[in-house]
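In: Make a model of this:
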Amino acid sequence: MTVSRRTDIKPVWGRLVAILLALVVAVPPYAPPAAAQERRNLLEMLFGIRPRQERYDRYDRYERYEGYERYERRPRYNRRDRSVIETAPRRQRDRSSIRAATPRPQRPAAPPKPALIPKLENARKILVVGDFLAGGLADELETAFETSPSVAVENRTNGSSGLVREDHYDWPPALPKLIGEVDPAIVVVMIGANDRQQMQIGSISEKFRTDAWFKEYEQRVSRLAAIATARKLPLLWVGLPSFQSPSMMADAVTLNGIYRDQVEKAGGEFVDIWDGFVDEEGKFILTGSDMNGQQARLRGGDGITFTTAGKRKLAFYVEKLARRHLGEMTDPDLVKLDGSNLPALATLPPAANAVPTQPISLADPELDGGTDLLGAGQLPVSLVQSPRELLVKRGELPPAPSGRVDDYRIPAATTR
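Out: Predicted structure coming up:
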């Protein structure tokens, strides 16, 4: 007769239940606080799990250690009515003593800016005209000549102007008025960054990069350049730099070719700045060498504008040519010396032990016991050849000194 597996398992379950009941009876009675006694269950009594209240107390004790003082201790709540049982006050740290013990490092003070040198009343002026790129150029030209009291920079730029939109700002009739008002010694022009757009030619709106557009643009550049050169003023026309956009970069190359041709025909000078803002392969760069050869950010994030270091480098190209045209007036340390500002020449007193002597004639030097200068006569001939002559002419070495390792002579026999 076979017994089923189910009937075999019943005695085992019965034994397990009996063991659990025995353990429950064997556990000594524990009388926790009333708030914690309500939350104890069978698992907590069998396996020693602490009530939540005791765990909270343990965490509270742990929070008293250093490092937990900046956190507020969580309040304890009653499970039944969610009322706050206890809230410990937050410990405040005395941070004033900590700050006094560890003072913050002081940032080094920036060097004071030099005092501005006032310009002379008859200072020679540099007139800068053009668009927003010319405005940055004029600002840094002022920095370049701030120590030259005899040179002043006049910024008369218009940021949104160009040679295309004559309805916004027309440079050919405006430039003669500016020249008459400022009376400059040099005229600097930088324009063209806003000219990549259609042009109104009479009643026709001509698109950019057409043959008619370029023909009209050449005439406008030539007319503007002739205004300065006709008044016998040095004209420095600054070309466009490279741009981050490939299409703008290609257009800048084309416009620079027009500026160079028309300005040189009018008698001006074209300032090529292209190589200063591209790499060795001719590509646009955001960071490169500044005017001092140090790596710096030269262009803005839009790929068009310049940073302060870029503007200073841009002005450096114009500064060199401007100083050449202005000459010695640009150097603040150069002072003309004449009879009014020469120092007085003091006569030195004679030395106490000085013996005045007459100069000796080179043609009659009898004071040294001879009548000829050194080298006037033929040198005496020596019959004995020097070691050098023996080595060069005959290949003979002088005998080695006695006792040296290369002395192969047989020593003389000694008599006893």
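In: Show me the helices in this protein, by range?
Out: 5-26, 34-37, 42-47, 52-63, 95-101, 132-144, 171-182, 211-229, 246-266, 308-326, 387-389 (DSSP state H).
In: Just put these in JSON lines and tack on mean neighbour count, mean pLDDT and distance to Asp195.
Out: (C-beta placed from N, C-alpha, C; glycine too.) Listed next are the helices of the chain as JSON lines, based on neighbours: other Cβ atoms under 10 Å; pLDDT from 0 to 100; distance: least, Cβ to Cβ, whole Å:
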{"stretch": "helix 5-26", "mean neighbour count": "9", "mean pLDDT": "68", "distance to Asp195": "96"}
{"stretch": "helix 34-37", "mean neighbour count": "12", "mean pLDDT": "46", "distance to Asp195": "85"}
{"stretch": "helix 42-47", "mean neighbour count": "11", "mean pLDDT": "64", "distance to Asp195": "85"}
{"stretch": "helix 52-63", "mean neighbour count": "13", "mean pLDDT": "49", "distance to Asp195": "71"}
{"stretch": "helix 95-101", "mean neighbour count": "9", "mean pLDDT": "55", "distance to Asp195": "59"}
{"stretch": "helix 132-144", "mean neighbour count": "21", "mean pLDDT": "95", "distance to Asp195": "12"}
{"stretch": "helix 171-182", "mean neighbour count": "14", "mean pLDDT": "95", "distance to Asp195": "11"}
{"stretch": "helix 211-229", "mean neighbour count": "18", "mean pLDDT": "95", "distance to Asp195": "7"}
{"stretch": "helix 246-266", "mean neighbour count": "17", "mean pLDDT": "95", "distance to Asp195": "7"}
{"stretch": "helix 308-326", "mean neighbour count": "20", "mean pLDDT": "94", "distance to Asp195": "19"}
{"stretch": "helix 387-389", "mean neighbour count": "10", "mean pLDDT": "78", "distance to Asp195": "80"}
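In: right, and those - which one's nearest Ser150?
Out: Closest to Ser150 of those is helix 308-326 (Cβ to Cβ; 8.2 Å).
In: sorry, back to before: Serialize the helices of the chain to JSON lines and add fields for distance to Ala193.
Out: Formatted as JSON lines, those follow (distance: least, Cβ to Cβ, whole Å):
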{"stretch": "helix 5-26", "distance to Ala193": "91"}
{"stretch": "helix 34-37", "distance to Ala193": "79"}
{"stretch": "helix 42-47", "distance to Ala193": "80"}
{"stretch": "helix 52-63", "distance to Ala193": "64"}
{"stretch": "helix 95-101", "distance to Ala193": "52"}
{"stretch": "helix 132-144", "distance to Ala193": "5"}
{"stretch": "helix 171-182", "distance to Ala193": "14"}
{"stretch": "helix 211-229", "distance to Ala193": "14"}
{"stretch": "helix 246-266", "distance to Ala193": "8"}
{"stretch": "helix 308-326", "distance to Ala193": "13"}
{"stretch": "helix 387-389", "distance to Ala193": "77"}
